[in-house]
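# with the sequence up front, the predicted model follows.
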Amino acid sequence: MGNSSDGFLRILGNWRNILRARLTPEEQLQDYFALCLACHHATVATFVPTDVDTKIRGIVWRESRDPAVLRPMLRLALASRGWTEDGISVRSVRGVSGHNGEHWSAIAAGLGRMLEIGDIASAEEAQAAIESEIDREQAIFDEVAAERDAELDLLRLSMTLSHNRGDLTQGMGFWKKTPQTTPLIEHFAERGRFSLAVRIYQHTGLSTEGHRNYPLRPVKALRRSPATLLPLGPFLDEWGSVVANLEESSEVLAALVTGCKRVQGQQGYYRAVAGMLAASSGAFERAAARMPNGAKSLLRDAEMRKLIHVPRISFESMMRKRARTALAMFSEKSCSA
């Protein structure tokens, strides 16, 4: 079921298969892994992701030592790289997304387990997939870094590659250190570090945008349509103009205003509010009037009003300058090193 672009939807649509009476425990394990992997793919970029990371990155893999049981799980993890992101994420940048990191974290879990049980051929297949993805993402990043007027995509890629790097590290987090796994742990400690991307990510302040959007989770109106899926922050002006048209715009605005206060250092929520304001000042004020008193008070704050009145072009110009400065600074350091 999983070997197609909509494989995760087919798995989810047939979840009852796991309840069949004639399934062996090994088959149930495989079906459970498939269900977790599909749930994770379908929700990881949404406001309410399913919390199955540790299962697909380690726990389920440790329920068996039989290569005949684990190989189909690895094949599914490899096939998941072809699952579509349409309708579940709008965070892809030049063909690179956080889903790529989620995929290789599960593949890395399988790689470590295959090494532990001595299935070298399967381990080599898993490693080759990870190595290939590292090369692909690095090549795209390098192309954008050399491209004129591509600073915003460079920032988005810096954020994505930094997160993907973390996913690879977490995928190896369940590995037992053995003579087989230790050299590979050391290898991946250097390989795919995306050091320039990580430095840009940290230096330009994007690391504060890496939160899980808890303030927006209670707003059910945001989960009705792919049109309101959240892009990569902090560039949320356009998204703000979309949610400004929701009937529940006051709920969204209240959540954003509260989030500005709760998530220190981030800029994305301010930009979303700015986008709502730019869409229609009249509609904005009507939405603000329907908010709870606490949110109204936060919106009246002088610093809040100052930040949401920064024009989009000014904000993005500032971020472009930060990107160019960081790129020049850390590229020079890399060359001198």
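Okay, I see it.
# just read off the phi/psi values of the nearest residue to Ala45 once chain neighbours are set aside.
Among residues not flanking Ala45 along the chain, Ser89 sits closest, at 3.6 Å (Cβ to Cβ, 6 or more residues apart in numbering). Placement of C-beta: from N, CA and C, glycine included. Per-residue torsions, Ser89: phi -160, psi 140 (degrees, to the nearest 10).
# quick one: Ser89 and Ser97 touch, right?
Yes. Using Cβ atoms under 8 Å, Ser89 is in contact with Ser97, at 6.4 Å.
# which residues do those two both contact?
The contact sets of Ser89 and Ser97 overlap at Ala45 (Cβ atoms under 8 Å, 6 or more residues apart in numbering).
# next, count neighbours for the residue nearest to Ala45.
Using other Cβ atoms under 10 Å, Ser89 is surrounded by 21 other residues.
# list the contacts of the one helix or strand in the chain whose mean pLDDT sits lowest.
Ranking every helix and strand in the chain by mean pLDDT, DSSP states H and E puts helix 312-336 at the bottom, with a mean of 88. With Cβ under 8 Å, 6+ apart as the test, helix 312-336 has contacts from 145, 151-152, 154-155, 195-196, 199-200, 203-205, 234-235, 237, 267, 271, 274-275, 278.
# Ser297: neighbour count?
When neighbours are counted by other Cβ under 10 Å, Ser297 registers 12.
# can you measure across stretch 216-228, start residue to end residue?
11 Å (Cα to Cα, to the nearest Å).
# any buried residues in it, and which?
216, 219, 222, 228 (16 or more other Cβ atoms under 10 Å).
# ok, stretch 229-244 next?
Buried residues in stretch 229-244, counted by 16+ other Cβ under 10 Å: 229-237, 239-244.
# would you check which pair of those residues lies furthest apart?
Leu232 and Ala244 (19.6 Å; Cβ to Cβ).
# now the buried residues of stretch 216-228 as CSV including distance to Ala128 and pLDDT?
CSV is the format used below for the buried residues of stretch 216-228 (distance: Cβ to Cβ, whole Å; pLDDT from 0 to 100):
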residue, distance to Ala128, pLDDT
Leu216, 38, 96
Val219, 42, 97
Leu222, 39, 97
Thr228, 38, 97
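# what is the nearest of the residues you listed to Arg22?
Among these, and counting by Cβ to Cβ, the member closest to Arg22 is Leu222, at 41.7 Å.
# so how far is Glu251 from the nearest residue to the closest one once chain neighbours are set aside?
For Leu222, ignoring the flanking residues on the chain, the nearest one in space by Cβ to Cβ, 6+ apart is Thr228 at 4.7 Å. Separation of Thr228 from Glu251 (Cβ to Cβ, to the nearest Å): 12 Å.
# could you name every residue contacting both of the two?
Residues touching both Thr228 and Glu251 by Cβ under 8 Å, 6+ apart: Ala221.
# picking up where we left off before, restricted to helices, list the buried residues of stretch 229-244.
237, 239-243 (DSSP state H).
# rebuild those as a markdown table, extending it with distance to Gly171.
Formatted as a markdown table, these follow (distance: Cβ to Cβ, whole Å):
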| residue | distance to Gly171 |
| --- | --- |
| Asp237 | 34 |
| Trp239 | 30 |
| Gly240 | 34 |
| Ser241 | 37 |
| Val242 | 34 |
| Val243 | 34 |
